[in-house]
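In: sequence and predicted structure below; questions after.
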Amino acid sequence: MKYQAQLTPWVIYQVNEGASVATHRFRKRNDADAYVNRLRLTQPSSEFKVEFDSDSFIAKKAGKDLATV
């Protein structure tokens with residue numbers, strides 16, 4: 001996972017007929033919630049969800065360590 005993704009673990013996904021597409025990333029949950037509320041007002045026919053991206057903090061088990069910055 002890129003370093004930028006570690007800085008912004010809150011992700012807004014747009015749900016489309018069984019598939020979810022990441023659209024925006026945020027550092028704070030409050031910012032993500034506020035933005036998803038705005039998206040719901042401007043795009044009422046779309047469905048959005050906010051999730052914490054825990055993969056950005058988990059090291060891969062394939063013998064590779066995360067790079068230190």
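Out: That came through, no problem. Numbering: from 1, shown residues only.

In: who touches the residue nearest the centre of the chain in this structure?
Out: The structure's the chain has its C-alpha centroid closest to V11; by CA atoms, centre = their mean the separation is 1.7 Å. Each residue near V11 by CB atoms under 8 Å, 6 or more residues apart in numbering is listed here: 22, 24-26, 32, 50-53. Any C-beta I mention is one placed from the backbone N, CA and C, and that applies to glycine too.

In: mind checking which of those residues are buried?
Out: For those, a neighbour count by 16 or more other CB atoms under 10 Å gives the buried set as 24-26, 32, 50, 53.

In: residues in contact with the helix or strand harbouring H24?
Out: Using DSSP states H and E, H24 maps to strand 19-26. With contact meaning CB under 8 Å, 6+ apart, strand 19-26 is reached by 4-5, 8-14, 32, 35, 48-49, 53.

In: in JSON lines: the residues you listed, plus pLDDT and secondary structure.
Out: JSON lines is the format used below for these (pLDDT from 0 to 100; DSSP: H, G, I helix; E, B strand; the rest coil):
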{"residue": "Q4", "pLDDT": "69", "secondary structure": "helix"}
{"residue": "A5", "pLDDT": "71", "secondary structure": "helix"}
{"residue": "T8", "pLDDT": "85", "secondary structure": "coil"}
{"residue": "P9", "pLDDT": "90", "secondary structure": "coil"}
{"residue": "W10", "pLDDT": "92", "secondary structure": "strand"}
{"residue": "V11", "pLDDT": "93", "secondary structure": "strand"}
{"residue": "I12", "pLDDT": "94", "secondary structure": "strand"}
{"residue": "Y13", "pLDDT": "95", "secondary structure": "strand"}
{"residue": "Q14", "pLDDT": "95", "secondary structure": "strand"}
{"residue": "A32", "pLDDT": "96", "secondary structure": "helix"}
{"residue": "Y35", "pLDDT": "96", "secondary structure": "helix"}
{"residue": "F48", "pLDDT": "96", "secondary structure": "strand"}
{"residue": "K49", "pLDDT": "95", "secondary structure": "strand"}
{"residue": "D53", "pLDDT": "87", "secondary structure": "coil"}
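
In: alright, calling it a day.
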